[in-house]
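Asks: Here is a sequence with its predicted model. Questions after.
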Amino acid sequence: MGSSDLGDQALLASVERSVRAQLGLEPARASVTFLGVEPIEVLRFDLGDERVHVSLGMCRRPMTGADASVVAADGPRAELSITTKTATSHGASDGEDELWRRLAILAAAPTVEGVVYRDGMAVDLGEPLVSGSRCTGVLVTPSTLAPIRFADVEVRILHLDPMTATELAWSRVHGTRALRGRWAEQRVDLLDLRRSAVSLG
């Protein structure tokens, strides 16, 4: 059953209700529109020292690879989330507007480019997540937010860990699992968008 049968608005409303209930907060929100693509909203939840940003709109359509001739009716549906320190995202002058837009761009990629996100996937944006950040990409990982069921559709929330350009290049050779190991060993603060790259020597 496609999202057109379910009703896009009902599906998105169900996803938003679930995320709000899981985080226990009302979000701030922004809408980003791209030519030829339905609007992507970004919900921002302030959790004291942290901020959680969640896309809303990517799950309208099942993710389908760019080489497919038709949209896979049973393809995976998902939204994206990224968590940052409040201290590194406390206003437009510190990159808040940029982060909203970068997340929306990532959420539009399945429709625009036929991207199918999966756990362990590294994505290179080719530009910093926010001005002054060394992080130019993200690593897709499981989220602590539970999947949302609506009718016979399941929508997963996929978490994004920021990656520096150096980490992206290193992971292409050694794999993202090895990079996660380096992050854990060195206790890298993945919430800090202005952190240095992990030591990879």
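Replies: Looks like it arrived, so ask away.
Asks: In which helix or strand does the residue nearest the centre of the chain reside?
Replies: With distances taken as CA atoms, centre = their mean, Leu80 lies nearest the centre of the chain, 3.0 Å away. If you go by DSSP states H and E, Leu80 is part of strand 77-85.
Asks: tell me the mean pLDDT for stretch 147-157?
Replies: Mean per-residue pLDDT for stretch 147-157: 93.
Asks: what's the answer for stretch 67-76, then?
Replies: Here the average pLDDT along stretch 67-76 is 73.
Asks: what does stretch 24-38 give?
Replies: Rounded mean pLDDT across stretch 24-38 is 90.
Asks: same check, this time on stretch 9-17
Replies: On average, stretch 9-17 scores 95.
Asks: Could you export it as CSV, CA atoms only?
Replies: What follows is stretch 9-17, C-alpha atoms only, in CSV (Å, rounded to 0.1, in the frame of the first residue of the first chain):
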residue,chain,number,x,y,z
GLN,A,9,-0.7,13.9,6.0
ALA,A,10,-2.0,11.1,8.2
LEU,A,11,1.3,9.2,7.9
LEU,A,12,3.4,12.2,8.7
ALA,A,13,1.1,13.2,11.6
SER,A,14,1.5,9.7,13.0
VAL,A,15,5.3,9.9,12.8
GLU,A,16,5.4,13.3,14.5
ARG,A,17,3.1,12.2,17.3
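Asks: Mind listing what's buried along that stretch?
Replies: Residues of stretch 9-17 classed as buried under the neighbour-count rule (16 or more other CB atoms under 10 Å) are Leu11, Leu12, Ser14, Val15, Glu16. In this view, the C-beta of every residue, glycine as well, is placed from N, C-alpha and C.
Asks: quick one: contacts for the closest residue to the residue nearest to the centre of the chain other than its chain neighbours?
Replies: The shortest distance from Leu80 to any non-neighbouring residue, by CB to CB, 6 or more residues apart in numbering, is to Ser55 (4.6 Å). By CB atoms under 8 Å, 6 or more residues apart in numbering, the contact list for Ser55 reads Ile40, Glu41, Val42, Leu43, Glu79, Leu80, Ser81, Leu103, Ala104, Leu106, Ala107.
Asks: Heading C-terminal from the strand holding Leu80, find the next helix or strand.
Replies: helix 96-113.
Asks: Check which residues of that next one are buried.
Replies: Per 16+ other CB under 10 Å, helix 96-113 contains these buried residues: 96, 98-111.
Asks: try stretch 45-60
Replies: Phe45, Asp46, Arg51, Val52, His53, Val54, Ser55, Leu56, Gly57, Met58, Cys59, Arg60.
Asks: Now compare those residues and name the two farthest from each other.
Replies: Asp46 and Arg60 (26.3 Å; CB to CB).
Asks: coming back round to it: mean confidence for the strand or helix carrying the residue nearest to Leu80?
Replies: Using DSSP H and E, Ser55 sits within strand 50-56. Per-residue pLDDT values over strand 50-56 give a mean of 96.
Asks: could you dump it to PDB, C-alpha only?
Replies: Extracted in PDB, the C-alpha atoms of strand 50-56 (Å, rounded to 0.1, in the frame of the first residue of the first chain):
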ATOM      1  CA  GLU A  50      21.400  18.600  23.600                       C
ATOM      2  CA  ARG A  51      19.200  19.200  20.600                       C
ATOM      3  CA  VAL A  52      17.600  16.500  18.500                       C
ATOM      4  CA  HIS A  53      16.700  17.400  14.900                       C
ATOM      5  CA  VAL A  54      14.300  15.000  13.100                       C
ATOM      6  CA  SER A  55      13.200  15.200   9.400                       C
ATOM      7  CA  LEU A  56       9.600  14.800   8.600                       C
END
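Asks: Lovely, talk soon.
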